[in-house]
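Asker: Okay, sequence plus prediction incoming.
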Amino acid sequence: MSDEAGGAGAGSGGGPSGDASATSGGGTPAEGRAGSGRPVSGSAGDQAWTGSPRIAAVRRRTRAVSPRTVSLGALRQAAEVVASPPAPLAGRGGAAARKPRFRPQRGRWQEDVLGPDYRQLTLQLTPDDEGEVVATLVRYDPPTEEAVRPARAVLYVHGWSDYFFQTELAEYWHGQGAAFYAVDLRKYGRSLRPHQTPGYMEHLSEYDEDLETALATIHAELGAHAAVMLLGHSTGGLTGVLWANRNPGRLRGLVLNSPWLELQGSSTVRTVSAPAIRQLARFQPKAPLPNIDAGYYARTLRDLESGGWEFNPEWRPVPSFPVRAGWLRGIIEGHATVAAGLAVSCPIIVLTSDRTIISPRWSEDMRQADIVLDVELLARRAPHLGPVVTIARIAGGIHDLTLSGPAPRAHFYREITRWLAGYGWS
């Protein structure tokens, strides 16, 4: 999660396990756009960009007046290949059709709040007890002289009380030759509506519709056989890995940035607290729990020596959105599923900071550590995800490694580039 609340303090540490990735050396992404000095909404001021350069021989062109559209026919055509026809479920009353994985729809890409190189598309989802529900797909779309249709794509899923604004991350993947998309899940960021309880869900599987609709749109644009990786941060990492476990063969890889794989403390904390949370969630699912967010994590983001990061305080508030009993029950269910063991078939890389500091008092060391989750717990849970899991520890990284200082951020991208050389897109 990002700015996550709930849970106890950090538990006792344990060494990471799995196929540990070295914390130095390896392949390095080329460092393009250095010295451009152009601040971008969502970027770290005038800091030199540390990601990869754009694809060679790609030149800028004047953007067309009318944005591209996603037609109903295109979505349906992609769906026929991407998703096999749903098999009927036998029941007493005869065969009952399974709920489709996504809801075909019309839509028009609009310029996003991040600027003209970013476009957004509203995805209409099935209404719930609060009314209309939407997700928002954001596409990094820098203009080029010739039409570019990559055969690879990355879908980013944000964390708790968060939304997509990490422009450097989009530019890195674009430099790797992949189309970059990010989804603001229902009731977050661009998708939050006035009548909704921010961030609320009761089961992580509710996000299946968000992900399936986003993937259907990606395949409609890039082709049914485009290779897709999912990149998840914190709660988005938990959501993504559980979806991948239920949908084998759909992804070429999983990149997990500080995924929230267990409650702070240990599985014992989860086991002891689960009955009380379930009872409260049964009768008062939207009852807010005490908010323990002291605002320290937001302080590490805003006060970086590089000038801090810009984000919308309404979409990423301080303190974070209230944690509610029904939501926490859904998170605990997800943690229990991970603890029981998953079988995600695609290669996975789990990236975390090298240390945790969880304290009721501020210290300057918090600028170079994960102050939200216990990274030792994440490292111990990582091998439970699947047969091929790489663990990379980023010295000096914070909870969202893409928002760390310059050196750990460069290290983060370097580890992904090295992992891609061995496992990516295979």
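Answerer: Received, thanks.
Asker: all contacts plus neighbour counts: C-alpha atoms, from now on.
Answerer: OK.
Asker: Burial check on the closest residue to residue 142 other than its chain neighbours, number of neighbours?
Answerer: Once flanking residues are discounted, residue 142 sits nearest to residue 117: 4.6 Å by Cα to Cα, 6 or more residues apart in numbering. By other Cα atoms under 10 Å, 15 other residues sit near residue 117.
Asker: Spatially nearest residue to residue 362 (excluding sequence neighbours)?
Answerer: residue 296 (6.8 Å).
Asker: Quick check on the one you found: phi, psi?
Answerer: phi -70, psi -40 (degrees, to the nearest 10).
Asker: Is it in contact with residue 364, as I believe?
Answerer: No: using Cα atoms under 8 Å, residue 296 is not in contact with residue 364; the gap is 10.2 Å.
Asker: Can you check the distance spanned by stretch 227-245, start to finish?
Answerer: Its start and end residues considered, stretch 227-245 measures 17 Å (Cα to Cα, to the nearest Å).
Asker: and it, what's its mean pLDDT?
Answerer: Computed over stretch 227-245, the mean pLDDT rounds to 98.
Asker: circling back: comparing residue 296 and residue 364, which shows the higher neighbour count?
Answerer: Just comparing residue 296 and residue 364: by other Cα under 10 Å the higher neighbour count belongs to residue 296, 20 against 8.
Asker: And the more buried one, how far from residue 310?
Answerer: Taking Cα to Cα, one finds residue 296 at 16 Å from residue 310.
Asker: Which positions in the helix or strand harbouring residue 420 come out as buried?
Answerer: Taking DSSP states H and E as the definition, residue 420 sits inside helix 406-423. Buried residues in helix 406-423, defined by neighbour count with 16 or more other Cα atoms under 10 Å: 406, 408-420, 423.
Asker: can you tell me which residues contact the closest residue to residue 257 other than its chain neighbours?
Answerer: In space, and not counting its chain neighbours, residue 257 is closest to residue 233: 4.6 Å by Cα to Cα, 6+ apart. The neighbourhood of residue 233, defined by Cα atoms under 8 Å, 6 or more residues apart in numbering, consists of 1-2, 156-159, 256-259, 400.
Asker: doesn't residue 189 make contact with residue 199?
Answerer: No: the criterion here is Cα under 8 Å, and residue 199 misses it with residue 189 at 9.0 Å.
Asker: Tell me which of those two has more neighbours.
Answerer: More crowded of residue 199 and residue 189, by other Cα under 10 Å: residue 189, with 25 against 21.
Asker: The more buried one and residue 163 touch, don't they?
Answerer: Yes: assessed by Cα under 8 Å, residue 189 is found in contact with residue 163 at 5.0 Å.
Asker: anything in contact with each of those two?
Answerer: 315-316.
Asker: Below-threshold pLDDT in the chain: ranges please.
Answerer: 1-106, 265-273, 303-308 (pLDDT under 70).
Asker: Can you show me the strands along it?
Answerer: 19-21, 69-70, 107-108, 110-112, 115-128, 131-140, 152-157, 179-184, 227-233, 253-257, 348-353, 389-394 (DSSP state E).
Asker: Quick check, central residue of this structure?
Answerer: Compute the mean C-alpha point of the chain, and by Cα atoms, centre = their mean the closest residue is residue 157, 2.4 Å away.
Asker: correct me, but that one touches residue 236?
Answerer: Yes: Residue 157 is within contact range of residue 236, at 5.0 Å (criterion: Cα under 8 Å).
Asker: which one is residue 245 nearest to, not counting chain neighbours?
Answerer: That would be residue 344: by Cα to Cα, 6+ apart, it lies 4.9 Å from residue 245.
Asker: how much space between the one you found and residue 179?
Answerer: Distance from residue 344 to residue 179, by Cα to Cα: 23 Å.
Asker: just residue 164 next, same as before
Answerer: 15 Å.
Asker: Tell me, how many residues neighbour residue 138?
Answerer: For residue 138, using other Cα under 10 Å, the count is 28.
Asker: What number of residues are in the vicinity of the closest residue in space to it that isn't next to it in sequence?
Answerer: Nearest residue to residue 138, sequence neighbours excluded (Cα to Cα, 6+ apart): residue 120, at 4.3 Å. Using other Cα under 10 Å, the number of residues around residue 120 comes to 24.
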